[in-house]
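Visitor: Got a predicted model here, sequence first, then my questions.
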Amino acid sequence: MSAPTVGEASEDELLTEIRAVIDEHNAAAAARAPGRTLLGPGDDCAVLDLTGGRTVLTTDTQTSGQDYLLEWPCGYRTRGFDLGWKSAAQNLADVAAMGAEPVSLVISLTLPPETPVAFVGEMARGYAAAVLALGAPGCSIAGGDLGSGGELSATVAALGLTRGEPVRRSGAREGASSRRRDRGPSGGRAGSAAGARTPPGSVRGDGDGALPRRRAGRPGGLPARPCPPLALGPAMAAAGARAMIDVSDGLLRDGGRVARASGVAIDLREEPLNALVDPLREAARRLGADPWEWVLGGGEDHGILACFPQGAPLPEGVVAIGSCRTLKQGAPPVSIEGRAREDLGWDHFAAEDRL
Ligand SMILES: Nc1ncnc2c1ncn2[C@@H]1O[C@H](COP(=O)(O)OP(=O)(O)O)[C@@H](O)[C@H]1O
Ligand SMILES: Cc1ncc(C[n+]2csc(CCOP(=O)(O)OP(=O)(O)O)c2C)c(N)n1
Ligand SMILES: [Mg+2]
């Protein structure tokens, strides 16, 4: 007998599958952050107490074919756990990049009828696991929505609280140095997600060219399970960061967003970037790809790019990668050792069959 699918289940049965996981998570989260989530799933709305700071709110969607593939070119099959993890992580990263601590998530799922019920339960486990593993153990999963549809998609909204003022993209000033925390708790580095997406179709024919399937599909679990360094968001804010962004669309593109919003030019140094490129060289060689393109243009690593006043003490693990200069007319918003680089990065609406 084949595994039961969503099309054979009722909404209540699916909710029971999800609630089994998240109710347990929420009980633990409530013990760690008492008084924040006053009412979780089960009513028309959740009830939160967000007094004591500024509230930040964000949402992001993972859509099959656009943000993930059920089967990657390397043969790796996306698990429900991966999809849950990634859609939580991507939102938690946005909260952290404002300098906030995550308080709660709501989750809306569109499920094609052929989706296995077990996949949905796995997604719930992925949400709860990401929240815990990435360092937001007090964050509740306060509710969501279920619907049927042609494409499997997951939309998460996340709420967070700051201690001081949220850190926006627009606060960078000349002379500030720009630094990037590139390593997540389990080792996600800039460029790794892009490297993992690169299809082995582009492998060079040098005999053992292709990475073993396991490694090609999951260097550090990416891009299936990105590991944004959540705790560094509030830590960088407390250390005086003037501008922050999570790198979802690529270092150049997201750096350009900070530069433009702040009215500065960001000049990156080659030496610290080399430290990000080096571990990717071998994988890139085998795939016939340019590791610099992964580091500069690859998205979905969700490290945090921040600009600090010169001389500000940096939280541990933060690496200085450049500085903010005067923005000159006609000059690129982001350069490397003063040289312009081709504009690399992810744009949903410009992408054509490009992983
Ligand atoms: N994917 C989900 N994850 C977590 N909770 C969910 C999910 N879908 C629905 N819920 C929760 O289950 C309860 C019932 O959902 P629903 O029937 O969609 O409510 P309503 O009809 O009031 O919109 C709500 O409290 C909702 O937050
Ligand atoms: C099937 C597939 N194609 C392409 C990509 C690459 N990709 C999709 S979205 C994205 C950037 C991040 O997504 P976005 O929704 O822009 O996140 P946000 O900037 O809103 O945080 C990248 C690099 C992918 N992950 N999966
Ligand atoms: Mg963001």
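Guide: Here it is on my side, so go on. Residues are numbered from 1 along each chain as shown. Ligands and ions are numbered 1, 2, ... in the order given.

Visitor: what about the protein, any weak spots by pLDDT?
Guide: Where the chain drops to pLDDT under 70, the residues are 1, 176-222, 351-355.

Visitor: Could you measure from the spatially most central residue of the chain over to residue 83?
Guide: In the chain, the C-alpha closest to the average C-alpha coordinate belongs to residue 90, at a distance of 3.3 Å (C-alpha atoms, centre = their mean). Computed with C-beta to C-beta, to the nearest Å, the distance linking residue 90 and residue 83 is 11 Å. For every residue, glycine as well, the C-beta is placed using N, CA and C.

Visitor: what's the overlap in contacts for those two?
Guide: Shared contacts of residue 90 and residue 83, defined by C-beta atoms under 8 Å, 6 or more residues apart in numbering, are found at residue 62.

Visitor: what packs against the helix or strand harbouring residue 141?
Guide: Here residue 141 is covered by strand 140-148, with elements defined by DSSP states H and E. Secondary structure elements in contact with strand 140-148, counted by 3 or more C-beta pairs under 8 Å, 6 or more residues apart in numbering; DSSP states H and E, are helix 11-32, strand 37-39, strand 101-111, helix 117-133.

Visitor: For residue 297, which non-adjacent residue is spatially closest?
Guide: Closest residue to residue 297 in three dimensions, ignoring its sequence neighbours and counting by C-beta to C-beta, 6 or more residues apart in numbering: residue 344, at 2.7 Å.

Visitor: Could you give the number of residues near the one you found?
Guide: For residue 344, the number of neighbouring residues by other C-beta atoms under 10 Å comes to 20.

Visitor: Relative to residue 332, how far out is it?
Guide: Counting by C-beta to C-beta, the gap between residue 344 and residue 332 amounts to 12 Å.

Visitor: that older thread, without its sequence neighbours, what residue ends up closest to the residue nearest to the centre of the chain?
Guide: Going by C-beta to C-beta, 6+ apart, residue 90 has residue 60 as its nearest residue, at 5.0 Å.

Visitor: from memory that neighbour sits against residue 155, does it?
Guide: Yes - applying C-beta atoms under 8 Å, one finds residue 60 in contact with residue 155, separated by 7.2 Å.

Visitor: okay, and the common contacts of these two?
Guide: Contact criterion C-beta under 8 Å, 6+ apart; residues shared by residue 60 and residue 155: residue 87.

Visitor: right, and the helix or strand after the strand or helix carrying the residue nearest to residue 90?
Guide: Remark: residue 60 resides in strand 55-63, with elements defined by DSSP H and E. The helix or strand immediately downstream of strand 55-63 is helix 80-96, counting by DSSP H and E.

Visitor: quick one: is that following helix near ligand 2?
Guide: Yes - where contact is defined by C-beta under 6 Å from any ligand atom, part of helix 80-96 touches ligand 2, namely 90, 94.

Visitor: From the chain's centroid, how far away is that helix?
Guide: Going by C-alpha atoms, centre = their mean, to the nearest Å, the spacing between the C-alpha centre of helix 80-96 and its chain's C-alpha centre is 6 Å.

Visitor: which residues of the stretch 151-300 of the chain fall in strands?
Guide: Secondary structure of the stretch 151-300 of the chain (DSSP state E, counting those that start in this stretch): strands at 153-161, 177-181, 243-246, 264-268.

Visitor: So what does residue 335 have for phi and psi?
Guide: Residue 335 has phi and psi values of phi -130, psi 170 when expressed as degrees, to the nearest 10.

Visitor: That one is in contact with residue 343, isn't it?
Guide: No - the pair residue 335 and residue 343 fails to qualify as a contact (C-beta under 8 Å) at a distance of 11.7 Å.

Visitor: mind checking how far the closest residue to residue 281 other than its chain neighbours is from residue 340?
Guide: Taking C-beta to C-beta, 6+ apart, and ignoring the residues beside it in sequence, residue 281 has residue 291 as its nearest neighbour in space, at 5.3 Å. Going from residue 291 to residue 340 by C-beta to C-beta gives 20 Å.

Visitor: who's more crowded, those two?
Guide: Set residue 291 next to residue 340 and count neighbours by other C-beta under 10 Å: residue 291 wins out with 23 against 11.

Visitor: Pull up the gap between the more buried one and residue 301, please.
Guide: Counting by C-beta to C-beta, the gap from residue 291 to residue 301 is 13 Å.

Visitor: all helices for the stretch 201-350 of the chain, in order.
Guide: All helices of the stretch 201-350 of the chain, identified by DSSP state H, counting those that start in this stretch, fall at 213-217, 232-238, 251-262, 270-277, 281-287, 291-297.
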